[in-house]
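J.: need the 3D shape of this:
(one chain, ligands or ions: 1)
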Amino acid sequence: MGETFIYPDPPTENVVMGSPVDEFDDSAREACGVVGVYARGEEAARAVFFGIYALQHRGQESAGIATSDGRSIRAHTEMGLVGQAFQEYDLSRLPGYLSIGHTRYSTTGSSNISNAQPIISKGTSVEIALGHNGNVINALELREELFDWGLSFESTADSEIIAHLISNAPADNWSDRAAYAMRRLQGAYSLVIMTVDKLVGMRDPLGVRPLCIGRLNGGWVLASESCALDHIGAEYVREVEPGEAVVIDDDGLKSVYKKSSKGSFGNCVFEQIYFSRPDSILDGTLVYSSRMAMGAELAKEFPVDADVVIGVPDSATAAAVGYSQESGIQFTEGLVKNRYVGRTFILPDQRLRELGVRRKLNYLPQILEGKKVVVVDDSIVRGTTTPHVVKLLRKGGAKEIHLRICAPPIISPCHFGVDLASKDELLAANMSVDEICDFIGADSLGFLSPEGLMKSVSGNKSQYCMGCFTGEYPIPVQLEMDKLVLEA
Ligand code: SF4
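T.: The predicted structure follows:
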């Protein structure tokens, strides 16, 4: 077992960052993006850097990379975006042909450096670095058990529990470690794990979060989404199957374990609607194509007499194109997004506050003037943004605004790694569709039906989790679980 270097020491000024100021962000937030590279002759940390850079949309709070040159594991984690967290100097201190990386949004545990990943765990069984995307729902119970084993915790994230559980598993090979982890963990976990000389990928038996495999110059890559493979010049091979563990070393890739889900699956359908990038492939289909199909279904379910179709950029653009093609109503851009807006901790003053959503979006007045407009958006969560978008479009001169949402109403929280808000905060859990339409100030409103959504996505329809739309989850969950539950 090699020596482990972890730097830098947690900078005290970054320990607690509080909540970013963003009253006009009503999006559902994803848990994380993960990448792993095993490629002799490559600077693996550099490839991982560009991999997590491509997955920035999955988490903007912290980023980290761990590497090994076959002798020792080194790691660097930092708060902020991937491009802020790493400079050339940081990468130069991460040598080796084996590396994993992580970009984080917190769904369990607060936003601070101690919760940044990869997490290093030196256990009785093996030393590992681990990156996790998902949410484990029996984390509290497992942590109590690990306390009884005499283990202590440096973070308040469920991912550290997974790391300790695996590194201390009563096993001496990866097949047995995976079997043990999958027996004990409940919920969502797509994992990239490295030892000093192996890369391991593991996906929960429900397959809630994605994880795919690619090839890079004779080596191998694991990534949350295939767009990360494209960005580093790797070729897509296949997904890690739900319940599968793969081990990569100089002998190639071996599938070392496969747990049956006993017919129950839980691929998150929100990956298709919003989280995954449109240029990623999920279940063999380009996400952009699935979103176009959602727009086409919306046009069939909620036709309207209108002059133009626009999407709320960028996530609803593909669905707006689909609506346009199905309805024959011309697609155009009516809103422009400031693509360089990140999360900020600076409070706007009163005058800027009154400009509201315009810090992020602006309208195209000559395009909208006097028009009946179909506006396609991906989802309504708390309803904090949509009324401002409608007001903005009216200001831009739209005569009528017909809002079409390419997801069913969200009526229940998520317990598998997506920060959707509590039931009290979810607009559709507390209002009828007509009431929502009045509240946001649109002329009409249509949500895609669950059946329409299922027609739009590829694969077997029973493989998807629809919990936030139906309140029925693929496994029993403790309702209203607090994301800071491990901080008590
Ligand atoms: S509850 Fe919703 S957001 Fe959560 S995994 Fe299921 S479909 Fe995805």
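J.: residues contacting the closest residue to residue 396 other than its chain neighbours?
T.: Distances taken as C-beta to C-beta, 6 or more residues apart in numbering put residue 363 closest to residue 396, at 3.2 Å, once the chain neighbours are dropped. All C-beta atoms are positioned from the backbone trio N, CA, C, and that covers glycine. Neighbouring residues of residue 363 by C-beta atoms under 8 Å, 6 or more residues apart in numbering: 334, 335, 336, 392, 393, 395, 396.
J.: A helix includes the fifth one, no?
T.: Think residue 393. Yes: looking at residue 393 with DSSP: H, G, I helix; E, B strand; the rest coil, it is inside a helix.
J.: burial of it, as a residue count?
T.: Neighbours of residue 393 under the rule other C-beta atoms under 10 Å: 25.
J.: mind checking which helix or strand the closest residue to it other than its chain neighbours is in?
T.: Of all residues not flanking residue 393 in the chain, residue 401 sits nearest, at 5.4 Å (C-beta to C-beta, 6+ apart). Using DSSP states H and E, residue 401 sits in strand 400-405.
J.: around the ligand, pick out the residues from the chain.
T.: Taking C-beta under 6 Å from any ligand atom, the part of the chain that reaches the ligand is made up of 208, 268, 269, 270, 414, 416, 418, 465, 466, 467, 468.
J.: pLDDT wise, what is residue 360 at?
T.: Model confidence at residue 360, given as pLDDT, is 80.
J.: now do the one 4 residues further on
T.: At residue 364, the pLDDT value in this model is 95.
J.: repeat for residue 27
T.: So residue 27 comes in at 61 (pLDDT).
J.: returning to what we had before: from the contacts of residue 363, which two are the most distant?
T.: Greatest spatial distance in the contacts of residue 363: 336 and 395, 13.9 Å, computed using C-beta to C-beta.
J.: check contacts around the closest residue to residue 91 other than its chain neighbours.
T.: Leaving aside its chain neighbours, residue 91 sits nearest to residue 45 (5.3 Å; criterion: C-beta to C-beta, 6+ apart). Residue 45 makes contacts with 65, 67, 91, 94, 95, 96, 99, 101, as judged by C-beta under 8 Å, 6+ apart.
J.: what mean pLDDT does stretch 336-350 get?
T.: Mean pLDDT, computed over stretch 336-350, is 67.
J.: got a list of contacts for the strand or helix carrying residue 366?
T.: Of the helices and strands defined by DSSP H and E, residue 366 is found in helix 365-368. With contacts defined as C-beta under 8 Å, 6+ apart, helix 365-368 is touched by 308, 332, 333, 334, 393, 396, 397, 398.
J.: low pLDDT regions in this protein?
T.: Applying pLDDT under 70 to the chain flags residues 1-31, 106-111, 341-358, 478-488.
J.: which phi and psi does the residue in the stretch 201-350 of the chain that the ligand sits nearest to have?
T.: Of all residues in the stretch 201-350 of the chain, the one sitting closest to the ligand is residue 268 (3.2 Å; C-beta to the nearest ligand atom). Taking degrees, to the nearest 10, you get phi -70, psi 120 for the backbone angles of residue 268.
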